[in-house]
Structures are given as structure tokens and as C-alpha cells.
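Asks: Structure for the following, please:
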Amino acid sequence: MSEQAASQPALSELALSGQVLNEQARIAVVIERYIEAGVAGDSALMSTSFHDDATIYAVNGDGAAEGGPIQILFDAVEGQPAPKLTGELGPIDVNGTTATARVVLSDWAGADYTDQFTLLKTADDWKILSKVYHDRNRA
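Replies: Numbering: from 1, shown residues only. Below is the predicted model of the structure:
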């Protein structure tokens, strides 16, 4: 085998890489829809990004875990648009039917958050199963 051939990825590796990139793009669409819903204050739109059994958690001011069903987020968002909200999508790690993703959100009605998502690829496409977030305005 030539040195050049040994340094190039195998076709199976290229195919897998392409599949992962496709899945990352599909996950990016799910997260972009979540951000769009935050901008609009539209919990119905936001709910389409989440699994029915999704949860939300963070650490409160006392240092304890606080959260529960994702409906907590939907109730807080509904009718509360955040027109200045922006999001920067970070790494997306795909492992077959599971994935993790991070997004840095700025100016969600004056607050700044870092969200970490766990996603599942269901028959209905990728859905966020858990949202764990950090309020960057809090120490």
C-alpha cells in the first residue's frame, strides 16, 4: 500500500462521516426552531423540538437542582417574545440514535444561558429529551 493511500480515509469512514454530518444538520434545524420559538414567544412551535417526556433542569440560587417536565419552559415562553435573542450552536455529537448539543443563548429577555441538550432520534426525527442549562448571569 502506498503512503498516500494509507493516509486517506477508507470509503466506509467517508460514508459514516457524511451520515454524521447529515444528522448534525438535522439536529441543527431542531435547535434553530427552538431558538426561533424563543424569539417569537411561541410555545407551540417550541414544543415541536422536544420529546413528549422531555425535562428541564438547572441549579437554582441555593445550589440545588431545580426543574421537571419541559412544560415548565413552555409555560414561561408562551406570549413572552424575546426579539433580541440570539443563539450560537456549539458542538453536536451524534452516536447513532442519540446525540448531545450545546447552544449559547444571549439576551433571552435580558438573560444569558448555556443550554446542553440530549437528543433522541425517534421515528418522528430528532427530539430534545433533556435540557440542562446554566444562567450565565448568575455566579
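Asks: Can you check which helix is longest in the chain?
Replies: helix 11-40 (DSSP state H).
Asks: which residues touch the helix or strand just after that one?
Replies: Note on helix 11-40: by DSSP states H and E, the next helix or strand toward the C-terminus is helix 43-47. Helix 43-47 is contacted from outside by R33, Y34, E36, A37, G38, I70, L73, F74, D75, V77, E78, using C-beta atoms under 8 Å, 6 or more residues apart in numbering. Yep, even glycine has a C-beta here, placed from its N, CA and C like the rest.
Asks: closest to N137 among these?
Replies: Lowest distance from N137 to the contacts of helix 43-47 (C-beta to C-beta) belongs to G38, with 16.2 Å.
Asks: Help me confirm that that closest one comes into contact with Q80.
Replies: No: if you go by C-beta atoms under 8 Å, G38 and Q80 don't touch, sitting 9.0 Å apart.
Asks: beta partners of S106?
Replies: Residues in a beta bridge with S106, per DSSP bridges, are T86.
Asks: got the contact list for it?
Replies: In this structure, S106 makes contact with L85, T86, G87, E88, D112, judged by C-beta under 8 Å, 6+ apart.
Asks: Quick check: which helices or strands does the helix or strand harbouring I72 pack against?
Replies: Assessed by DSSP H and E, I72 sits inside helix 71-77. Counting contacts by 3 or more C-beta pairs under 8 Å, 6 or more residues apart in numbering; DSSP states H and E, helix 71-77 packs against helix 43-47.
Asks: lowest-confidence helix or strand of the chain?
Replies: helix 3-7 (a mean of 50; mean pLDDT, DSSP states H and E).
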